[in-house]
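# show me how the following folds:
(one chain, ligands or ions: 1)
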Amino acid sequence: MSAVQDFPQDRLLRALDSVIDPELRKPITELGMVSAVSVEDSRAAATILLTVAGCPMRSTIENDVRAALQKLDGIDQVDVTLGVMDPHQRAALREQLASRRTPFSDPSSLTRVIAVASGKGGVGKSSITANLAAALAAQGMKVGLIDADVHGFSIPSLMGITQKPTRVDDMILPPVAHGVKVISIGMFLDSNQPVIWRGPMLHRSLEQFLSDVYFGDLDYLFLDLPPGTGDMAISVSQLLPNSELLVITTPQSTATEVAERAGTIALQTQQKVIGVVENMSYLQLPDGTRMEVFGSGGGQKLSDSLSTQLGYQVPLLAQIPLEESVRLGSDQGSPVVLSAPPAPAAEALAELASQVGHRPRGLAGRSLPLSL
Ligand SMILES: Nc1ncnc2c1ncn2[C@@H]1O[C@H](COP(=O)(O)OP(=O)(O)OP(=O)(O)O)[C@@H](O)[C@H]1O
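Numbers count the residues shown, from 1 in each chain. This next block holds a predicted model:
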């Protein structure tokens, strides 16, 4: 790093501490990205090394560096030069990050892993997952989201992500949207092409997401599962034995029956089912009455039957109304808890997030790593 004649170097570095790499979520000073910074005649010059040449965040980083230095008294002008890390610098960064990769499958991991399941498609599983993740991130939690619905991936558009993940050698940096680190198979495909993978490839894709994607320390990791009781649900239970299940249904009896099968898979996989969410419960009419478009009682019925079959209380955690704001938020890539927080559906989703968030990690229904 170059010397500074008339400006204390640590003041410059302290200012740059406030610049956070948007993907790695760490100060650029800690990541070895500040190659040089100096001041001459109230003109600051900073050379910043990007992890890769095509870094999608280059203009954000450049602007943030400029803004951070410009704030200092005595600096009138800032010149930012962007360079790229050489293979040695990249390897050092990878080492640094790899040692901090969180083993989500480790029984001692403090990250709560919540897989969101449903019996059939279209019940709002992805919308609820996106809203839960965004709501907890807005509360200051560190949240990751894996779109494990590889055949019907919709999370990138629900979260408003068009950007591709950045690769640093064999490490993948997930794009961050609304404070949530998100990864989806859809981000690796060139167009909206269908994915026709079978079990082993699905298992491998999840394994790769868990090992190669840099999530850093997380409070919550959500997985949006494909509908039903397929291969991915089994893979999740094998690769993430600590994961818990949240089951989404509509009030309709046909949806409830298939959701029950998705929930009872937990008997075989030994995952804990933390609760049931009933979505599209009712439509509030202008006169204040509630129209039960998809019938009523499905969520409670599912909660009762899962409680009986699993042998512990599986509560009905929320009933989310059918509301245009939810659909609009999804279409605009901004979950309704953020885009229209006073809407009744947003309030119900925010309340669900608090319930999920405040629930301590229990051991009921979970296999323990015991041996004689
Ligand atoms: N409470 C709600 N009110 C209004 N629209 C909703 C609500 N919940 C979900 N939707 C809309 O219903 C559609 C299906 O939702 P979503 O994609 O989240 O379902 P899904 O269960 O994940 O489906 P799949 O598993 O097939 O991907 C979307 O257009 C979404 O915007």
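# which bits of this structure sit near the ligand?
Applying Cβ under 6 Å from any ligand atom, we find that the chain lies next to the ligand at 118, 121-127, 149, 152, 154, 227, 279-280, 320, 322-323, 326-327, 330, 345. (C-beta placed from N, C-alpha, C; glycine too.)
# so of these, which ones are in helices?
Among those, the ones falling in helices (DSSP state H) are 125-127, 326-327, 330, 345.
# restricted to buried residues, select the residues you listed in ChimeraX.
Provided next is the ChimeraX selection string for whichever of these are buried by 16 or more other Cβ atoms under 10 Å:
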select :125,126,127,326,330,345
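# tell me the one of the ones in helices among the residues of the chain next to the ligand nearest Ile114?
Checking those against Ile114 with Cβ to Cβ, the nearest one is Lys125 at 12.1 Å.
# thinking that closest one is in contact with Leu246, fair?
No: counting by Cβ atoms under 8 Å, Lys125 sits too far from Leu246 to count as a contact (9.1 Å).
# please enumerate the shared neighbours of the two.
The contact sets of Lys125 and Leu246 overlap at 116-117 (Cβ atoms under 8 Å, 6 or more residues apart in numbering).
# run through who's touching the lowest-mean-pLDDT helix or strand in the chain.
Sorting the helices and strands of the chain by mean pLDDT, DSSP states H and E puts helix 199-212 at the bottom, at a mean of 78. If you take Cβ under 8 Å, 6+ apart as the criterion, helix 199-212 is touched by 104-105, 146, 148, 150, 170-172, 183, 185, 197, 231-232, 235-236, 238-240.
# can you say which of those residues are buried?
Buried members of these, counted by 16+ other Cβ under 10 Å: 104-105, 146, 148, 150, 171-172, 183, 185, 231-232, 235-236, 239-240.
# filter the residues you listed down to the ones in helices?
231-232, 235-236, 239.
# just list what the longest helix belonging to the chain packs against, helices and strands only.
Determined from DSSP H, the single longest helix within the chain is helix 253-269. For helix 253-269, the packing partners by 3 or more Cβ pairs under 8 Å, 6 or more residues apart in numbering; DSSP states H and E come out as strand 112-118, helix 231-239, strand 244-249, strand 272-279, helix 298-310.
# what about 7 Å?
With contacts defined as 3 or more Cβ pairs under 7 Å, 6 or more residues apart in numbering; DSSP states H and E, helix 253-269 has these neighbours: strand 112-118, helix 231-239, strand 244-249, helix 298-310.
# run through who's touching it.
117-120, 123, 228-229, 233-234, 237, 245, 247, 249, 273, 295, 298, 301-302, 305-306, 309-310, 365 (Cβ atoms under 7 Å, 6 or more residues apart in numbering).
# just the buried members of those residues?
117-120, 123, 228-229, 233-234, 237, 245, 247, 249, 273, 298, 301-302, 305-306, 310, 365.
# got the confidence number for Ala135?
For Ala135, the pLDDT comes out at 97.
# how many residues are close by it?
Residues lying near Ala135 (other Cβ atoms under 10 Å) number 27.
# which SS state does Tyr46 fall under?
Quick fix: residue 46 reads Ala, not Tyr. Following DSSP: H, G, I helix; E, B strand; the rest coil, we place Ala46 in the strand state.
# for the stretch 51-200 of the chain, just list every one of the helices.
Taking DSSP state H, counting those that start in this stretch, the helices of the stretch 51-200 of the chain run over residues 58-70, 87-98, 125-138, 155-158, 199-212.
# okay, those in TSV with distance to Val52 next?
Formatted as TSV, those follow (distance: least, Cβ to Cβ, whole Å):
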stretch	distance to Val52
helix 58-70	10
helix 87-98	8
helix 125-138	25
helix 155-158	20
helix 199-212	15
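# quick one: which of the ones you listed is nearest Gln284?
Closest to Gln284 of the helices of the stretch 51-200 of the chain is helix 125-138 (Cβ to Cβ; 17.7 Å).
# excluding chain neighbours, what is closest to Gln355?
Leu317 (5.3 Å; Cβ to Cβ, 6 or more residues apart in numbering).
# contact partners for that neighbour?
Applying Cβ under 7 Å, 6+ apart, the residues near Leu317 are 275-277, 352, 355.
# check those and tell me the two furthest apart.
Checking these with Cβ to Cβ, the most distant pair is Val276 and Gln355, at 11.8 Å.
# show me the shaky parts of this protein.
1-6, 99-102, 190-200, 359-372 (pLDDT under 70).
# any idea how it splits into domains?
What automatic domain parsing lists as the domains of the chain is 11-98, 112-358.
# end to end, how far does the last one reach?
By that I understand domain 112-358. Domain 112-358 has an end-to-end distance of 11 Å (criterion: Cα to Cα, to the nearest Å).
# how far does that domain sit from the chain's center?
Put simply, domain 112-358 sits 10 Å off its chain's centre (Cα atoms, centre = their mean, to the nearest Å).
# what does the first one give?
Averaging C-alpha positions (Cα atoms, centre = their mean) puts domain 11-98 26 Å from its chain's average.
# returning to what we had before: what subset of the contacts of Leu317 is buried?
With burial judged by 16+ other Cβ under 10 Å, the buried subset of the contacts of Leu317 is 275-277, 352.
# now Ile48: how far from the ligand?
To the ligand, Ile48 is 39 Å away according to Cβ to the nearest ligand atom, to the nearest Å.
# oh, and call the first residue 58 from now on, that's how I've got it
Fine by me, first position is 58 from now on; the one you just mentioned is Ile105.
# that residue and Gly89 touch, don't they?
No: under the criterion of Cβ atoms under 7 Å, Ile105 is not in contact with Gly89, lying 10.6 Å apart.
# neighbour count: the two, which is higher?
Counted by other Cβ under 10 Å, Ile105 and Gly89 do not tie: Ile105 has more neighbours, with 22 against 15.
# run through the bridge partners of the more buried one.
Val91, Leu139 (DSSP bridges).
# list the contacts of it.
85, 90-92, 118, 122, 137, 139.
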